[in-house]
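In: have a look; sequence and predicted model below, questions after that.
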Amino acid sequence: MTPGLQQPSAPVPLQGVSHYENFPVASLLCPPRLRPPIAAIYWFARTADDIADEGQATPQARLDELAAYRADLMATAAGLPPSPRWAPVFERLRPQMARFELPVKLLADLLSAFEQDAVKQRYADETELLDYCNRSANPVGRLLLHLYGIQDAASLQMSDDICSALQLINFWQDLGVDIPRGRIYLPADAWVRHGVDEAQLLALQANPATLALIAAHVHAARAMMLRGAPLCKKIPGRGGWELRLVVQGGLRILDKIEAQGFNTLQRRPKLKPWDLLLMGWRALLMR
């Protein structure tokens, strides 16, 4: 699984850590009282990500491990002790679940996405892909809004737009990394529309058809991000500035993908130090 400022992240960015880019760690701009729950959720998600992605385990072994991890989550939510294996993760998470009444469903949704990662490597259409984003990325934003006490429907939708966009941006910037590992997140029905077949993608062929396919998905991710961007004005204090930087980080990655002709099959865009300055300036200009 892929979304730091080095890579796009969710509403509070992870600075200096890229292991699990879709999930934030409390950074300097995060309100101090929210750092413990954010850090606890991060370690919960990072550990699950390792189970799903790291090492040479078989898909079934990963699913078995994730099932045991899910059982520990449910035990923790019920006030029961977890298994010794992941006790440090859940002992850190337990008091935050109690203090902030973290929705267990959102944590469990993240696990369902990790479980899917262990066995699913192709997506038939956008509906399938966005369903994955709804479980792999959107719970992050909703957990953070929960911590901020923001629960109105409009804010939740904007958060979903930002988080799904960030997940998609990570996919489109990492095509040259994911495809050799067997994972093609570009939806199969879009291949057909653009005259692209699986063999071209597996060979990482940067031709007019594959580049047009990537460009279409980059433009869609930008539109999705811009739909969610007004949420920045609803997050109070330093958290709102965090979110502005996250949005600008995602948009800047899209700029870089476009600047290299949408060819992320052969080159992964990276943010440089001067990009961070530009993102900060653009964050200041957001209205």
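Out: Thanks, I have it.

In: which residue is the nearest non-sequential neighbour of His263?
Out: Careful, residue 263 is Asn; it's not His. Counting by C-beta to C-beta, 6 or more residues apart in numbering, Ala206 is the residue found nearest to Asn263 once chain neighbours are left out, at 4.6 Å. C-beta: built from backbone N, CA, C; applies to glycine.

In: ok, the one you found to Ile257 distance?
Out: Distance, Ala206 to Ile257, by C-beta to C-beta, to the nearest Å: 12 Å.

In: between the two, which one's more packed in?
Out: Each of Ala206 and Ile257 has its neighbours counted (other C-beta atoms under 10 Å); Ile257 has more, 25 against 18.

In: follow-up on the earlier one: quick check: the residue nearest to Asn263 touching Gln266?
Out: Yes. Here Ala206 reaches Gln266: they are 5.6 Å apart, a contact under C-beta atoms under 8 Å.

In: break this structure down into its structural domains.
Out: Listed domain ranges for the chain are 28-119, 121-287 (source: automatic domain parsing).

In: can you add mean pLDDT and give the ones you listed back as JSON lines?
Out: Below are the domains of the chain laid out as JSON lines (pLDDT from 0 to 100):
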{"stretch": "domain 28-119", "mean pLDDT": "93"}
{"stretch": "domain 121-287", "mean pLDDT": "94"}
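
In: could you give the number of residues near Ser247?
Out: If you look again at residue 247, you'll see it is Val, not Ser. With other C-beta under 10 Å as criterion, Val247 counts 27.

In: please identify the helix or strand for it.
Out: In this structure, Val247 sits in helix 237-259 according to DSSP states H and E.

In: that helix packs against which elements?
Out: helix 153-173, helix 208-228, helix 273-285 (3 or more C-beta pairs under 8 Å, 6 or more residues apart in numbering; DSSP states H and E).

In: give me the angle between it and helix 273-285.
Out: On the basis of axes from the mean of the first three to the mean of the last three C-alpha atoms, to 10 degrees, helix 237-259 is oriented at 130 degrees to helix 273-285.

In: may I see the buried residues of helix 237-259?
Out: Across helix 237-259, burial judged by 16 or more other C-beta atoms under 10 Å covers 238-257.

In: now do stretch 89-96
Out: Val89, Phe90, Arg92, Leu93, Arg94, Gln96.

In: how far away is the third one from Glu54?
Out: Shown here: Arg92 relative to Glu54, a distance of 20 Å by C-beta to C-beta.

In: now swap in the second one and tell me
Out: As for Phe90, its distance to Glu54 is 19 Å (criterion: C-beta to C-beta).

In: ok, Ile169 to Arg99 distance?
Out: From Ile169 across to Arg99, the span is 33 Å (C-beta to C-beta).

In: now Val247
Out: In this view, Val247 and Arg99 are 29 Å apart by C-beta to C-beta.

In: equivalent analysis for Lys105, please.
Out: In this view, Lys105 and Arg99 are 18 Å apart by C-beta to C-beta.
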